[in-house]
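*Asks:* build me a model:
(one chain, ligands or ions: 1)
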Amino acid sequence: MMRRCLLLVAFLFVPLASQADDGYDLWLRYDPITNEALLEQYRSVITEVCVTGDSPTFAIAGEELLRGLQGLLATDVPLCGAEIQDGVVLIGTPESSQALAALELNNNLRHVGDQGYIVWTLTVDGKRATVIAANTDIGVLYGVFHYLRILQMGQPIDRLSVIDAPGIDRRILNHWDNLDRTVERGYAGFSLWDWHRLPDYLDPRYTDYARANASIGINGTVLTNVNANATALTPLYLEKVAALADVFRPYGIQVYLTARFSAPIEIGGLGTADPLDPAVAEWWKAKTDEIYSYVPDFGGFLVKANSEGQPGPQDYDRSHADGANMLADAVGPHGGIVMWRAFVYSNEEPEDRAKQAYNEFVPLDGTFRDNVLIQVKNGAIDFQPREPFHPLFGAMTETPLMMEFQITKEYLGQGTHLAYLAPMYEEVLEADTYARGEGSLVAEVIDGTLYHHDLTAIAGVSNIGTDRNWSGSIFDQANWYAYGRLAWSPRLGSEVIADEWIRMTLSRDPAFRGPVKEMMMTSREAVVDYMTPLGLHHLMARGHHYGPGPWVEGGPRADWTSVYYHRADSIGVGFDRTSSGSDAVGQYFSPVREQFDNINTVPEEFLLWFHHVPWDYEMPSGRILWDELAYRYDRGVQAARAMQETWNGLEGYIDDGRYEQIKAFLAIQANEAVWWRDSSLLYFQTFSGRPIPEDIEQPAHTLQYYMSLRFPYAPGN
Ligand code: GCW
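*Replies:* Just a heads-up that it's a prediction; the model follows:
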């Protein structure tokens, strides 16, 4: 009896910190501020909230502000009455608020366009006020989120002078979601879109999804997979799409769809999808008009054509421009756009796959309609842990190019490994193309400043699914967050973003933040090391891409094998893309071209991307290539273990639910890093014929063992 009582007592007094949290609230937790001095300061500056407009977006902005303040200040902040008081937080536009109009903010608002805002400390009607003002309702909502972020970051708020607007106009998520709710390369459960129950049942998660996206400025979503299904364009589905669009609209999020190029045949009953056939063009026009009748602010189409088996204009000997322009003419009158993907390569084409997109698209520059963007992956192969920037950036002057990043970690450890991707995004955005001389950054191609394009966009392949924590793992939420932040401000540093995310999502305690930021900032480099060091790429297992597969060869096409990319032989390893090899370097501007071409100047991280290097080549470290490769693989393992160790020392700073999941995932990562290192070294050893350096842990299994592992139901395939 006694024992049972004790147990009961113990059960009742579980400390708060250990309560399990599932991560659903993302970075919008608004946990109470515990720093007393700061809290007092905030409470003295904020006494009431004044919401001056009455649109659905205004309602959301007002609710969010109250919710955020209530959470952070742990007190109810009242709404203003007819007379405002000292300490009012006033949100509005010059149209919604006479007080704001009287302030003559127009000079400043002129600079923020239709999405930006100002957050200023001002005197309004003789009262001390914080003004969140914009030209549009959505600008107000973005301003509110910015303001709440300032509070979440613990920054001073008594003299605010924020003026902000997005660097890129369309900041879009690409969902590779299928109508059966599976998600291609998705590691966070199934698709959020519950097609079968739509439009009658609106899952509350649609609203939460929109809110989370709006909080980081994402304003577009492509609902369907680029490996497209024409059924999505039938009335049955358009009604469902419209229901989602209605939920998203007040959050400033536009809906887009993927267009299956052969839809006129599949759902239109035509005998062809030839873009120059008038009946085909007519069909798309009518279909597009129909879509706009359901979704009046429909954003437009995203198209994957003549790539990996998808139909396209080349099936009819037409060009990508013919295909894109036909669709552009259909959406154009409605203000829609076409995002035409440059991810095209052909098995029949003998050219190095890295060169094909450039070869295909550069000659078409100047032939696309004004409402067409070419959507280019960050690198020329495929979302590898590290790739040099795509040579198309800077190479097309007449056509707006948009960036496609992958947020879901198809090639970076999928659902479990910690790989904070912002440093990778940043590396690409900050890369200098030299297209117009020094300082022609990829970021400037994307934000339209380099070639003066008004139409600007960026896409991130979503990592969102039905998992309670949205992204499959807590740290993967940071990649969604970072993508949104960089899409808004392409020059914002990855470290700043990590800091924001940690404070908002995990803890404000400096003793926790420091080590966690360190983990995040080093994580992607660790993945590069234990998977594909020194410029190696595409060595993942076949199909699902889970785990190592440097031995993958044969099968339907050469460019779907690992041996195609690493080219290991008894002499050395690496893909010769120099001027004497495939000459992929020739697609870059000088002096990048010469830098990559020369083995003495190519950055070490791209060595084997561009050069076939002898095993005994002496590296800058003084080691021969083989030994260096072994040390890099091992360095990745050590880094993964270090992250694990750091985390194990951080128990108690956050709730047990999230803590334990992260802990388990880091253990998986450390084990899989060993798996990558050992299997890869054993495999490459069959070519190098050299021993794995003695001071490196030796593999626990044989190469045959690693090669025999099978994962038939690995997710996302
Ligand atoms: O990375 C590859 C993926 C495919 C994907 C393709 C693409 C949607 O393995 O799953 O298909 O790229 O980007 O089109």
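*Asks:* burial of the residue lying closest to L421 once chain neighbours are set aside, as a residue count?
*Replies:* Spatially, and ignoring its direct neighbours in sequence, L421 is nearest to N479 (4.7 Å; CB to CB, 6 or more residues apart in numbering). From N, CA and C alone the C-beta is placed, and that goes for glycine too. Applying other CB atoms under 10 Å, we find 26 residues neighbouring N479.
*Asks:* so in this protein, which helix runs the longest?
*Replies:* The longest helix of the chain (DSSP state H) is helix 656-688.
*Asks:* quick one: the helix or strand hosting the residue nearest to L421 to helix 656-688, angle?
*Replies:* Assessed by DSSP states H and E, N479 sits inside helix 474-488. For helix 474-488 against helix 656-688, the angle by axes from the mean of the first three to the mean of the last three CA atoms, to 10 degrees is 80 degrees.
*Asks:* so for helix 474-488, mean pLDDT?
*Replies:* Per-region confidence: helix 474-488 scores 98 on mean pLDDT.
*Asks:* G68 contacts Y30, correct?
*Replies:* Yes: shown here, G68 and Y30 form a contact pair, counting by CB atoms under 8 Å, at 4.9 Å.
*Asks:* now list whatever residues contact both of those two.
*Replies:* Residues within reach of G68 and of Y30 at once, by CB atoms under 8 Å, 6 or more residues apart in numbering, are L148.
*Asks:* which residue does the stretch 1-150 of the chain have closest to the ligand?
*Replies:* Nearest residue of the stretch 1-150 of the chain to the ligand: L26, at 25.3 Å (CB to the nearest ligand atom).
*Asks:* next: the chain.
*Replies:* D382 (4.5 Å).
*Asks:* return the residues of the protein in contact with the ligand.
*Replies:* W176, E184, R185, V226, N227, K304, E308, F343, D382, F383, E410 (CB under 6 Å from any ligand atom).
*Asks:* of the residues you listed, buried ones?
*Replies:* With burial judged by 16 or more other CB atoms under 10 Å, the buried subset of the residues of the chain next to the ligand is W176, E184, R185, V226, K304, F343, D382, F383, E410.
*Asks:* taking these together, which two end up most distant?
*Replies:* Largest separation among those by CB to CB: K304 and E410, giving 15.4 Å.
*Asks:* helix, strand or coil for G415?
*Replies:* Secondary structure assignment for G415 (DSSP: H, G, I helix; E, B strand; the rest coil): coil.
*Asks:* do you know how far it is from H701?
*Replies:* Distance, G415 to H701, by CB to CB, to the nearest Å: 24 Å.
*Asks:* more neighbours: which of those two?
*Replies:* G415 (23 against 13).
*Asks:* so what's that one closest to, chain neighbours aside?
*Replies:* Nearest to G415 is Y187, by CB to CB, 6+ apart, at 3.3 Å.
*Asks:* which helix or strand contains the one you found?
*Replies:* Residue-wise, Y187 maps onto no helix or strand under DSSP H and E.
*Asks:* M403 should be in a strand, yeah?
*Replies:* Yes: counting by three-state DSSP, M403 is found in a strand.
*Asks:* V303 versus that one, what's the distance?
*Replies:* M403 is 17 Å from V303, by CB to CB.
*Asks:* check S293 too.
*Replies:* As for S293, its distance to V303 is 21 Å (criterion: CB to CB).
*Asks:* of those two, which one has the most company?
*Replies:* A count of neighbours by other CB under 10 Å puts V303 above the other of S293 and V303, at 26 against 12.
*Asks:* show me what contacts G574?
*Replies:* By CB under 8 Å, 6+ apart, the contact list for G574 reads G535, L536, H566, R567, L607, L608, W609, F610, H611, H612, V613.
*Asks:* in CSV: the residues you listed, plus secondary structure.
*Replies:* CSV is the format used below for the contacts of G574 (three-state DSSP):
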residue, secondary structure
G535, helix
L536, coil
H566, helix
R567, coil
L607, helix
L608, helix
W609, helix
F610, helix
H611, coil
H612, coil
V613, strand
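*Asks:* what about the helices in the stretch 251-400 of the chain?
*Replies:* 263-266, 278-294, 320-331, 353-361 (DSSP state H, counting those that start in this stretch).
*Asks:* ignore what I typed, I meant the stretch 451-600 of the chain.
*Replies:* 474-488, 494-505, 510-531, 563-566, 592-597.
*Asks:* repeat for the stretch 51-200 of the chain
*Replies:* Assigned by DSSP H, counting those that start in this stretch, the helices in the stretch 51-200 of the chain fall at 56-73, 98-102, 106-109, 137-152.
*Asks:* of those helices, flag the one that's most buried.
*Replies:* Ranked by mean neighbour count under mean count of other CB atoms under 10 Å, these are led by helix 137-152, which reaches a mean of 23.
*Asks:* tell me the mean pLDDT for that one?
*Replies:* Helix 137-152 comes out with an average pLDDT of 98.
*Asks:* which helices and strands does it pack with?
*Replies:* helix 56-73, strand 88-92, strand 117-124, strand 127-133, strand 161-164, helix 204-215, helix 494-505 (3 or more CB pairs under 8 Å, 6 or more residues apart in numbering; DSSP states H and E).
*Asks:* how big is the angle separating that helix from helix 204-215?
*Replies:* Following the same axes, to 10 degrees, one obtains 80 degrees for the angle between helix 137-152 and helix 204-215.
*Asks:* okay, helix 137-152 in PDB with CA atoms only?
*Replies:* In PDB, the C-alpha atoms belonging to helix 137-152 read as follows (Å, rounded to 0.1, in the frame of the first residue of the first chain):
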ATOM      1  CA  ASP A 137      -3.200  44.100 -45.200                       C
ATOM      2  CA  ILE A 138      -0.700  41.300 -45.800                       C
ATOM      3  CA  GLY A 139       2.100  43.700 -45.200                       C
ATOM      4  CA  VAL A 140       0.600  44.400 -41.800                       C
ATOM      5  CA  LEU A 141       0.500  40.700 -41.000                       C
ATOM      6  CA  TYR A 142       4.100  40.300 -42.000                       C
ATOM      7  CA  GLY A 143       4.900  43.300 -39.800                       C
ATOM      8  CA  VAL A 144       3.200  41.700 -36.800                       C
ATOM      9  CA  PHE A 145       5.200  38.600 -37.200                       C
ATOM     10  CA  HIS A 146       8.400  40.600 -37.400                       C
ATOM     11  CA  TYR A 147       7.400  42.500 -34.300                       C
ATOM     12  CA  LEU A 148       6.700  39.300 -32.400                       C
ATOM     13  CA  ARG A 149      10.000  38.000 -33.500                       C
ATOM     14  CA  ILE A 150      11.800  41.000 -32.000                       C
ATOM     15  CA  LEU A 151      10.100  40.200 -28.700                       C
ATOM     16  CA  GLN A 152      10.900  36.500 -29.000                       C
END
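*Asks:* tilt between that helix and strand 117-124?
*Replies:* Counting by the same axes, to 10 degrees, helix 137-152 lies at 80 degrees to strand 117-124.
*Asks:* what about helix 137-152, distance to the chain center?
*Replies:* Distance, stretch centre to chain centre, for helix 137-152: 21 Å (CA atoms, centre = their mean, to the nearest Å).
*Asks:* stretch 216-235 too?
*Replies:* Relative to its parent chain, stretch 216-235 has a centroid offset of 16 Å by CA atoms, centre = their mean.
*Asks:* so where's this structure shaky on pLDDT?
*Replies:* Along the chain, segments meeting pLDDT under 70 span 1-19.
*Asks:* mind redoing it with 80?
*Replies:* For the chain, applying pLDDT under 80 flags the ranges 1-19, 347.
*Asks:* what number of residues lie near G484?
*Replies:* 25.
*Asks:* once you drop chain neighbours, what's closest to it?
*Replies:* Counting by CB to CB, 6+ apart, the residue nearest G484 is I216, at 2.8 Å.
*Asks:* the one you found contacts S489, doesn't it?
*Replies:* No: with contact defined as CB under 8 Å, I216 does not count as touching S489 (10.5 Å).
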